[in-house]
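Student: need a 3D model of the sequence below.
(one chain, ligands or ions: 1)
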Amino acid sequence: MRGLSARLLGRTITRASTNRPDMRWAFPPGLAQRMTGARVESFRRRAKYILMRLSGADSVLIHLGMSGRMLIAPSGLNDIPLHEHLTLETDDGWRVGFVDPRRFGSVDLVATADEDSHRLLKELGPEPLGADFTAKSLSTALAGRNTPIKAALLDQRNVAGLGNIYVCEALFRARISPLRLAGEVAGSRAARLVPAIKATLTEAIAAGGSSLRDYVQPDGELGYFQHAWKVYGREGEPCPDCPGAPVCQGVSRIVQSARSTFYCQRHQR
Ligand SMILES: [Zn+2]
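Tutor: Numbering: from 1, shown residues only. Have a look, this model is predicted:
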């Protein structure tokens with residue numbers, strides 16, 4: 001969102017085109033016409049969704065899915081790049097392409113005044129970096145829950161926008177086992193977990209995100225937070241919390257809800 005905002009904020013979209021009928025879902029009717037001629041007024045992020053607010057009171061709701069990325073380049077291309085499904089051009093000579101080989105990404109339109117009642121946004125829990133996401137609010141949301149904390153943190157109704165990598169990293173920092181029942185994460189555990197989540201996300205955003213496979217920022221730069229992962233993808237490596245300590249078995253990998261979990265069995269309880 002920050003990458004898009006830097007290039008698009010205040011600009012007018014002089015041309016918009018969809019290059020196929022759908023991505024994860026069909027493009028909304030009239031998408032290209034509604035965008036063409038509109039000015040980009042502001043941006044908002046909610047969970048993993050980008051909202052681009054246009055003059056005319058439309059918001060464009062964008063989700064990058066698994067493999068999607070927005071690429072910005074000077075306009076003037078004759079050919080549509082491979083897997084570019086939506087193309088915008090601006091009044092100051094830039095083109096923005098939504099490129100997504102696997103097409104899990106999506107684009108929709110919603111009235112700006114009704115953003116929070118969109119079907120994809122209306123059940124989302126609090127923003128993890130928001131002031132209303134606290135140890136108290138999290139433990140209230142998790143009270144009595146018998147699912148593992150790993151699954152509960154991936155459930156967007158409890159907290160919005162956390163993905164698999166960041167949940168693993170935050171649980172490691174908080175020294176909480178991914179297997180612990182969510183209902184037991186209260187008191188001092190919740191008091192460790194909430195700041196661990198906030199710190200993990202803040203550092204990842206500052207690093208431009210994590211480049212997994214082919215993710216890049218809109219200017220083509222790779223995100224580099226993957227180099228700061230402490231446990232994710234590090235099965236068998238020494239635990240970063242106990243360098244040289246013979247008692248630690250290092251980073252383990254297990255599968256929970258069909259997703260890989262990386263953690264230290266000794267340090268995370
Ligand atoms: Zn360890």
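
Student: please count neighbours and contacts with C-alpha atoms only from this point.
Tutor: Noted.

Student: may I see the buried residues of stretch 65-82?
Tutor: 65, 66, 67, 68, 69, 70, 71, 72 (16 or more other CA atoms under 10 Å).

Student: and the two most separated of those residues?
Tutor: In the buried residues of stretch 65-82, two members sit farther apart than any others by CA to CA. They are 66 and 72, at 19.0 Å.

Student: any idea how far the ion is from residue 240?
Tutor: Separation of residue 240 from the ion (CA to the ion, to the nearest Å): 7 Å.

Student: neighbours of that residue, how many?
Tutor: 13 (other CA atoms under 10 Å).

Student: then residue 5?
Tutor: Residue 5 - counted by other CA under 10 Å - has 17 other residues nearby.

Student: swap in the one 3 residues further on?
Tutor: The burial count assigned to residue 8 is 25, neighbours taken as other CA under 10 Å.

Student: spatially nearest residue to it, not counting backbone neighbours?
Tutor: In space, and not counting its chain neighbours, residue 8 is closest to residue 40: 6.4 Å by CA to CA, 6 or more residues apart in numbering.

Student: on that earlier part again, between the buried residues of stretch 65-82, which is closest to residue 248?
Tutor: residue 66 (33.6 Å).

Student: let me know whether the closest one touches residue 99 as I believe.
Tutor: No: using CA atoms under 8 Å, residue 66 makes no contact with residue 99, being 11.3 Å away.

Student: list the buried residues for the longest helix seen in the chain?
Tutor: Ordering each helix of the chain by length in residues (DSSP state H) puts helix 187-206 first. Under the neighbour-count criterion of 16+ other CA under 10 Å, helix 187-206 has 189-201, 204 buried.

Student: report all helices and strands that that helix contacts.
Tutor: helix 135-142, helix 164-174 (3 or more CA pairs under 8 Å, 6 or more residues apart in numbering; DSSP states H and E).

Student: so for the helix or strand following that helix, what gets flagged as buried?
Tutor: Scanning forward in sequence from helix 187-206 by DSSP states H and E, the next helix or strand is strand 251-256. Going by neighbour count (16+ other CA under 10 Å), the buried part of strand 251-256 is 251, 252, 253.

Student: the second one: what's it in contact with?
Tutor: Applying CA atoms under 8 Å, 6 or more residues apart in numbering, we find residue 252 in contact with 234, 235, 236, 262, 263, 264, 265.

Student: for the residue most central in space within the chain, what are its contacts?
Tutor: Nearest residue to the geometric centre of the chain (CA atoms, centre = their mean): residue 48, 3.9 Å. Going by CA under 8 Å, 6+ apart, residue 48 touches 63, 160, 161.

Student: which one of those residues is nearest the ion?
Tutor: residue 161 (27.0 Å; CA to the ion).
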